[in-house]
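Visitor: Mind folding the following:
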Amino acid sequence: MSSRPDEPQIRTSHRSADGAPPGAAGPSRVALVVFDGVTLLDVSGPSEVLHQAGRFGYPYELVLVSPGGGPVTTAAGPALTGTVTADAAGPVGTVLVAGGDRLAERPPDDALLAAVRTLVPGAARIASVCTGAFVLAALGLLDGRRATTHWRHAATLARRHPRVRVEPDALHLRDGRYVTSAGISAGIDLTLALVEDDHGAEVARDVAREMVVFLHRPGGQSQFSAALDTPPARGDLLRPVLESVLADPAADHSLPALAAAAAVSPRHLTRRFRAELGTTPARWVERVRLDRARQLLLDGHSVTAAARHSGLGTDESLRRAFARHLGTTPTHYRQRFASTRQTETPEGP
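Guide: As a prediction, this is how the structure comes out:
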């Protein structure tokens, strides 16, 4: 695909900084695999981390690799030029597969899989950003291993590749020589971790400061996810139960109360929850209450009011739920995600 004259372009060299041809592969020679429709930040974020490391005296040689070589169009529109085929890339020590929505929507195409398969044997570590994990999984590289991807696509990855141990809350995960990261900006977190592995925490910290990002971002990616997306109940028994909890999370939704409302035994109700929703009534109710508490905090309510109105009850119960599911505290969550123009909402009685 040719680039248009009016498109902003990102160029890279596949020769080392001193102009010498590539030699033996080390971890500092990085193949970043891209394709038409790739997410731009999955490319620019890691590239900038490596560039900044070079400014501090720890250079990386970045090779943009695509299935066919030549210009690649990103999902945002700008073109990536100067990409080479995997056969022309030469030895690399690190393979980093960028992501794009198309990888979660349908299986990766054969040309992309072949390009990554060519690069992998000589690499000391293989990594992916966001949905790039779907490529590694399709090649069988993540079978029996822990991996993560964008929170929105974690369930799809687990369903499509059941042998992969998907951990949807992690920002990035290492299992052997394989490293996977969550969505989009988490590629920066992952690449900082690679720099830290190569050159130590102080170098990675200097790069993070220069980029005005966390070296180790607090919390997991669940704190960035949308509110609970409840799958539709397949049977008529659960539907009114779910609707009643969603309508008033703070009401009495103990297992005996829910079972009585459904006119079944607690044991039978638990079996239906497991069969249709893959969880227990108590866990599902807690997630509904947690999501209501998140929204209350963002609307300006205090921690105490959010705990009371969501049904979680006490400040301590709310803090434990945030720590368990989101890996952060209610106060930090509100500071991070509430609008800077938000005014305090009256808590009410």
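
Visitor: what sits against the residue nearest to L41 when sequence neighbours are not counted?
Guide: Leaving aside its chain neighbours, L41 sits nearest to I184 (5.1 Å; criterion: C-beta to C-beta, 6 or more residues apart in numbering). For glycine as for every other residue, the C-beta is placed from the backbone atoms N, C-alpha and C. Contacts for I184 (C-beta atoms under 8 Å, 6 or more residues apart in numbering) come out as T39, L41, D42, G45, G99, V129, C130, H150.

Visitor: I'd like to know how far I184 sits from R287.
Guide: To R287, I184 is 24 Å away according to C-beta to C-beta, to the nearest Å.

Visitor: secondary structure class for T180?
Guide: Counting by DSSP: H, G, I helix; E, B strand; the rest coil, the backbone at T180 sits in strand.

Visitor: What is the neighbour count of it?
Guide: 31 (other C-beta atoms under 10 Å).

Visitor: From S128, how far off is it?
Guide: T180 sits 5 Å away from S128, taking C-beta to C-beta as the criterion.

Visitor: List the beta-bridge partners for A31.
Guide: In this entry, A31 is beta-bridged to V63, V95, by DSSP bridges.

Visitor: measure it to R324 for me?
Guide: Distance from A31 to R324, by C-beta to C-beta: 38 Å.

Visitor: Neighbour count for the two, which is higher?
Guide: A31 (31 against 11).

Visitor: ok, that one touching V65?
Guide: Yes: using C-beta atoms under 8 Å, A31 is in contact with V65, at 4.8 Å.

Visitor: Find residues that contact each of these two.
Guide: With C-beta under 8 Å, 6+ apart as the test, A31 and V65 both reach A86, A89, L119.

Visitor: Please tell me how far R165 sits from L238.
Guide: For R165 relative to L238 (C-beta to C-beta), the value is 28 Å.

Visitor: and the two? which has more neighbours close in?
Guide: Between R165 and L238, L238 has the larger neighbour count (other C-beta under 10 Å), namely 21 against 16.

Visitor: For that one, give its distance to A250.
Guide: 20 Å.

Visitor: count of neighbours near S185?
Guide: So S185, with other C-beta under 10 Å, has 18 neighbours.

Visitor: One more: the one 10 residues further on?
Guide: Here the count is done by other C-beta under 10 Å, and V195 has 27 residues near it.

Visitor: how much space is there between L141 and E167?
Guide: Going from L141 to E167 by C-beta to C-beta gives 16 Å.

Visitor: So which bits of the longest helix along the chain are buried?
Guide: Scanning the chain for the helix with the most residues, using DSSP state H, yields helix 281-298. For helix 281-298, burial by neighbour count (16 or more other C-beta atoms under 10 Å) applies to 281, 284-294, 296-298.

Visitor: what sits against the nearest residue to T74 once chain neighbours are set aside?
Guide: Leaving aside its sequence neighbours, T74 sits nearest to L40 (C-beta to C-beta, 6+ apart; 4.3 Å). Residues in contact with L40 (C-beta under 8 Å, 6+ apart) are T74, A75, A76, P78.

Visitor: Apply 10 Å and report the result again.
Guide: Applying C-beta atoms under 10 Å, 6 or more residues apart in numbering to L40 gives the contacts P8, I10, V34, T74, A75, A76, G77, P78, L80, A98, G100, I184.
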